[in-house]
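the sequence isn't on hand, but the structure is:
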């Protein structure tokens, strides 16, 4: 009887440990065939069939949700939802960018871990880079990119739509960001466009551009 009682008493503790572990897994981004998962604060874009932080595997993913295999068990996850409600939200990250010369906003950042100095351009649909930027960042756009025609101030030019794994401004990192590589040397500066800005919160305060993570 004492052995059985001991076993039964241990069950709530084991269940609590399982629930706590499960509560650390979230889906914070969804794409066709990939999901951005957050495991114990580690965020990574993981494609279907691949394994991310904590050994969590993405089984399937689309705009509606993802199926993750956690500790050998498959479960459905929706965007920015905890499997268990015991998760404590992390503090949002914020960055203030002062207006520079010419009334523009310049900010250092990184693409796929490589340093980039961006010009913020709310009129640009995507992050825009020239061929030189792409070579320096190791982006093989002619192989992985999708060809397209882009209208610029100088006329129509060839471009390639690419997926940038990681774009980070200050401490605000966004995974799976659309970018466009333009043929030639234009734009001269790397443009931080709306494909990044739409994934964060931003506002103007007394001539400063304030960025804030959404989670």
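That came in fine, so what should we check first? Just so you know, these numbers come straight off a predicted model, no measurement behind them.

just checking: what are the partner strands of the helix or strand hosting residue 173?
Following DSSP states H and E, the helix or strand that holds residue 173 is strand 172-182. Each strand paired with strand 172-182, and its direction, by DSSP bridges: strand 127-130 (parallel), strand 155-169 (antiparallel).

show me what the helix or strand containing residue 118 is packed up against.
With secondary structure defined by DSSP H and E, residue 118 is part of strand 114-120. If contacts are counted by 3 or more Cβ pairs under 8 Å, 6 or more residues apart in numbering; DSSP states H and E, strand 114-120 sits against strand 106-111, helix 131-137, strand 190-192. In this view, the C-beta of every residue, glycine as well, is placed from N, C-alpha and C.

redo that, cut-off 10 Å
In terms of contacts (3 or more Cβ pairs under 10 Å, 6 or more residues apart in numbering; DSSP states H and E), strand 114-120 is packed against strand 106-111, strand 127-130, helix 131-137, strand 155-169, strand 190-192, helix 194-197.

quick one: strands adjacent to that strand?
Partner strands for strand 114-120, per DSSP bridges, with pairing direction: strand 106-111 (antiparallel), strand 190-192 (parallel).

return the most buried member of those.
Sort the strands paired with strand 114-120 by mean neighbour count, taking mean count of other Cβ atoms under 10 Å, and strand 190-192 sits at the top with a mean of 24.

next one: that strand to chain centre, how far?
17 Å (Cα atoms, centre = their mean, to the nearest Å).

repeat for stretch 105-115
Its chain's C-alpha centre and that of stretch 105-115 lie 14 Å apart, by Cα atoms, centre = their mean.

low-scoring stretches of this protein, by residue?
Residues of the chain that meet the criterion pLDDT under 70 lie in 1-23, 63, 80-91, 153.

what sits closest to the residue nearest the centre of the chain if chain neighbours are left out?
Compute the mean C-alpha point of the chain, and by Cα atoms, centre = their mean the closest residue is residue 175, 1.9 Å away. In space, and not counting its chain neighbours, residue 175 is closest to residue 45: 4.2 Å by Cβ to Cβ, 6 or more residues apart in numbering.

hang on, that neighbour in a helix?
No: counting by DSSP: H, G, I helix; E, B strand; the rest coil, residue 45 is not part of a helix but strand.

pretty sure it contacts residue 165?
Yes: in terms of Cβ atoms under 10 Å, residue 45 counts as a neighbour of residue 165; the distance is 6.0 Å.

overlap of the contact sets of those two?
Taking Cβ atoms under 10 Å, 6 or more residues apart in numbering as the contact criterion, the residues that touch both residue 45 and residue 165 are 175, 176, 177.

ok, residue 144 - contacts?
Taking Cβ under 10 Å, 6+ apart as the definition of contact, the neighbours of residue 144 are 160, 161, 162, 163.

and it, its phi and psi?
The phi/psi pair for residue 144 (degrees, to the nearest 10) reads phi -90, psi -10.

and what of residue 103?
Here is the backbone geometry of residue 103 (degrees, to the nearest 10): phi 80, psi 20.

now it: how far from residue 48?
Plainly put, residue 103 is 44 Å away from residue 48 if you go by Cβ to Cβ, to the nearest Å.
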